[in-house]
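A.B. asks: Give me a model of this one.
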Amino acid sequence: MDASASHLSPSDSSAASLVVRSPLTGQPIRTVAIASKSQTEAALHRARLAGRQWADKPIAERCRVLRQARTELVERREQVVELLCAETGKPREDALMEVFTICELIGVCCSRARKQLADQKVKSHLLPHKRAFISYLPRGVVGVIGPYNFPLVLNFQDSIQALLAGNAVIVKPSELAPLAVECVRDALVAGGLPAELLQVIFGMAETAGVIIDGVDMICFTGSPRTGKKVMARAAETLTPVLLELGGKDPMIVLRDANIPRAVNAAVWGGLLHAGQGCVCIERIYVEEPIAEEFTRQLVEKVRQVRQGDGADGRTVDIGATTAAAQLDTIERQLADAIAKGAKILIGGKRRSDLPGQFFEPTVVVGVTHDMALMREETFGPVLPIMAVRDAEEALRLANDSDYGLSSSIFTRDRKRGIELARKIEAGSACVNDCLLSSMVLELPFGGVKQSGVGFRNGPTSLRNFCRSQSVMVDRLGTRSEPLWFPLSSWVGKAVDFSMRFFYGRGRARPEQRV
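C.D. replies: Numbers count the residues shown, from 1 in each chain. Below you'll find the predicted structure:
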């Protein structure tokens, strides 16, 4: 269910099909059947049965199965990469990195699964003679609705963690890029993962609606507009959600920055996968004393970026725009910016010399915050640069956004960079770096404002996919408890005395004792 999805009403049509086309050539890759309402409900039922058996397995066994399945994925990596490049238009190196990230995620999550999912002991201040702990139990069936830009990472990082937590998973990939997701799932099943435990279902918004209605947790990555619909639908059944809803990520370059490093970061961080990343740099604020030199070097660097389909075997840096409709969005934003006084220094149009959906890497100056280019998510290879008086103005403009996913600051003064990072309204910030915080699997990743609800990864991420249960066990075995019936007057007197002694005026309070 991508941003274009307009509703979430179930349909029982079983004849519908979906043609997956390559943005590199415009040619069809494969036609797949869209699951009907009854087929989706049947898949949910099978997942629930498989999940109950999986939940009974020890954590060590779940890890063993996933590690074994990972071996088969590595063996089939070329098949996965070929499909991923064909349906998303990304270079082979980017596709390989997605497969590698899944392999790494399995390893990292397995290494911390036992600790994260173990019962957590709790010491009660009021009842120290009781044994208390928190258990983390599987939710049941987790639904994952993924996007088209990084379909492997953004579908399977949730799926793998949900599986390790003891859940079954139903994945509905984007209709624009479903094939590589299915290929990864098939590899994991061939490697030993139970087939009904991880299922991939093809469909549009209607299919997503049926999944939301039938799961115990829903994970969605996409636009805020569709994310709000997912959240509203989930609210009908009080189903918990994990939402990652895009960004308009700012980059601040201070006058003392290492300009070549900042330029290289801006080009990679803004043009990676043709700018189709929720953490891609979409706004650049540069202090005035270095703005001209920064812009000059940036344009020269962008001029060196290699774009193409990679069909001739040569390595390219960026490929095509996956969604044809996104080209219209890029053109609309650029036209609005030009009409309001902005200037394109390089790029600015579609590639007529290539057969697919390619847009030139573009640098724009003279931008202001009354332009759509600086306020709406572009999701394209466009780098708008705005000169600012000082760091305070850059910070104010960086925070002047409905989004808050990621951000970056470049300065030789690392201490100051960290201080500014703390003031940016974003879920993550990089100092003298960009994007890579989302790849540090040990860090939580999530957004604020319109960029999402909840977080992925991090030291407690597996617990996202669990329901916590508080357990208290009596250890003394006495016949009765002081507060049980029949009540005695001495209980009230003891409570009143304790309250006056510990919390009354002039008494030393327990919380003040360090």
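
A.B. asks: Check which residues of stretch 318-326 are buried.
C.D. replies: Residues of stretch 318-326 classed as buried: 318, 319, 320, 321, 322, 323, 326 (neighbour count, 16 or more other Cβ atoms under 10 Å). Just so you know, the C-beta spots here come from the backbone N, C-alpha and C atoms, and that holds for glycine as well.

A.B. asks: and the nearest residue to the third one once chain neighbours are set aside, how many neighbours?
C.D. replies: To tie it back to what came earlier, the one meant is residue 320. Leaving aside its sequence neighbours, residue 320 sits nearest to residue 89 (Cβ to Cβ, 6 or more residues apart in numbering; 3.0 Å). As a burial measure, residue 89 scores 28 neighbours (other Cβ atoms under 10 Å).

A.B. asks: Do you know the pLDDT at the residue nearest to residue 310 when sequence neighbours are not counted?
C.D. replies: Of all residues not flanking residue 310 in the chain, residue 316 sits nearest, at 5.0 Å (Cβ to Cβ, 6+ apart). Confidence at residue 316, expressed as pLDDT, is 95.

A.B. asks: Specify the local secondary structure of residue 316.
C.D. replies: coil (DSSP: H, G, I helix; E, B strand; the rest coil).

A.B. asks: domain ranges for the chain?
C.D. replies: 32-246+458-467, 249-402+406-441 (automatic domain parsing).

A.B. asks: Now those domains in TSV, please, with extra columns for distance to residue 504.
C.D. replies: As requested, these are exported to TSV (distance: least, Cβ to Cβ, whole Å):
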stretch	distance to residue 504
domain 32-246+458-467	18
domain 249-402+406-441	39
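
A.B. asks: returning to that earlier point: quickly check the buried residues of stretch 318-326 for the two that are furthest apart.
C.D. replies: 318 and 323 (15.3 Å; Cβ to Cβ).

A.B. asks: Sketch out the low-pLDDT regions of the chain for me.
C.D. replies: 1-15, 506-514 (pLDDT under 70).

A.B. asks: what sits opposite the spatially most central residue of it in the beta ladder?
C.D. replies: Nearest to the mean C-alpha position of the chain, by Cα atoms, centre = their mean, lies residue 244 at 4.9 Å. On the basis of DSSP bridges, residue 244 takes part in beta bridges with residue 221, residue 452.

A.B. asks: And it, how close does it get to residue 403?
C.D. replies: Between residue 244 and residue 403 the computed distance is 11 Å (Cβ to Cβ, to the nearest Å).

A.B. asks: Now the common contact residues for the two.
C.D. replies: By Cβ atoms under 8 Å, 6 or more residues apart in numbering, residue 244 and residue 403 have these common neighbours: 447, 451.

A.B. asks: who's in contact with residue 17?
C.D. replies: Per Cβ under 8 Å, 6+ apart, neighbours of residue 17: 31, 32, 33, 34.

A.B. asks: out of those residues, which is most surrounded?
C.D. replies: Result: residue 34 is most packed of the contacts of residue 17 (other Cβ under 10 Å), 20 neighbours.

A.B. asks: which residues does that residue contact?
C.D. replies: 13, 16, 17, 18, 202, 203, 204, 207.

A.B. asks: With distance to residue 168 and secondary structure as added columns, please give the contacts of residue 17 in TSV.
C.D. replies: Formatted as TSV, the contacts of residue 17 follow (distance: Cβ to Cβ, whole Å; DSSP: H, G, I helix; E, B strand; the rest coil):
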residue	distance to residue 168	secondary structure
31	28	strand
32	22	strand
33	22	strand
34	22	coil
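
A.B. asks: Among the residues you listed, which one sits closest to residue 123?
C.D. replies: Closest approach between those and residue 123, by Cβ to Cβ: residue 34, at 53.3 Å.

A.B. asks: Where does the nearest residue to residue 259 once chain neighbours are set aside sit, in terms of helix or strand?
C.D. replies: The shortest distance from residue 259 to any non-neighbouring residue, by Cβ to Cβ, 6+ apart, is to residue 294 (5.7 Å). Per DSSP states H and E: residue 294 is located in helix 288-303.

A.B. asks: which parts of that helix are buried?
C.D. replies: Neighbour counts over helix 288-303 (16+ other Cβ under 10 Å) mark 290, 291, 294, 295, 297, 298, 299, 301, 302 as buried.

A.B. asks: Please apply the same query to stretch 257-277.
C.D. replies: Quick answer for stretch 257-277 (16+ other Cβ under 10 Å): 257, 259, 262-263, 265-277.

A.B. asks: Next: stretch 57-73.
C.D. replies: Neighbour count says stretch 57-73 has 59, 62, 63, 65, 66, 69, 70, 72, 73 buried, by 16+ other Cβ under 10 Å.

A.B. asks: Turn the residues you listed into CSV, columns for distance to residue 338.
C.D. replies: As requested, the buried residues of stretch 57-73 are exported to CSV (distance: Cβ to Cβ, whole Å):
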residue, distance to residue 338
59, 57
62, 55
63, 54
65, 55
66, 51
69, 51
70, 49
72, 51
73, 46
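
A.B. asks: ok but residue 144 is inside a strand, no?
C.D. replies: Yes: judged by three-state DSSP, residue 144 forms part of a strand.

A.B. asks: Show the contacting residues for residue 19.
C.D. replies: By Cβ under 8 Å, 6+ apart, the contact list for residue 19 reads 28, 30, 31.

A.B. asks: try 7 Å this time
C.D. replies: 28, 31 (Cβ atoms under 7 Å, 6 or more residues apart in numbering).

A.B. asks: Tell me the bridge partners for it.
C.D. replies: residue 31.

A.B. asks: how close does it get to residue 26?
C.D. replies: Following Cβ to Cβ, the distance that separates residue 19 from residue 26 is 11 Å.

A.B. asks: One more: residue 215?
C.D. replies: 35 Å.

A.B. asks: So between these two, which is more surrounded?
C.D. replies: The residue with more neighbours, out of residue 215 and residue 26, is residue 215; 26 against 12, by other Cβ under 10 Å.

A.B. asks: so the more buried one makes contact with residue 143?
C.D. replies: Yes: here residue 215 lies in contact with residue 143, judged by Cβ atoms under 7 Å, at a distance of 3.8 Å.

A.B. asks: which neighbours do those two share?
C.D. replies: With Cβ under 7 Å, 6+ apart, residue 215 and residue 143 have common neighbours residue 170.

A.B. asks: The stretch 251-400 of the chain: helices as residue ranges?
C.D. replies: 259-271, 288-303, 324-339, 391-399 (DSSP state H, counting those that start in this stretch).

A.B. asks: what does the stretch 401-514 of the chain give?
C.D. replies: 414-423, 489-503.

A.B. asks: Distance to residue 104 and mean neighbour count added to those, as CSV?
C.D. replies: As requested, the helices of the stretch 401-514 of the chain are arranged in CSV below (distance: least, Cβ to Cβ, whole Å; neighbours: other Cβ atoms under 10 Å):
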stretch, distance to residue 104, mean neighbour count
helix 414-423, 25, 15
helix 489-503, 51, 11
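
A.B. asks: what's the distance between residue 499 and residue 505?
C.D. replies: Distance, residue 499 to residue 505, by Cβ to Cβ: 12 Å.
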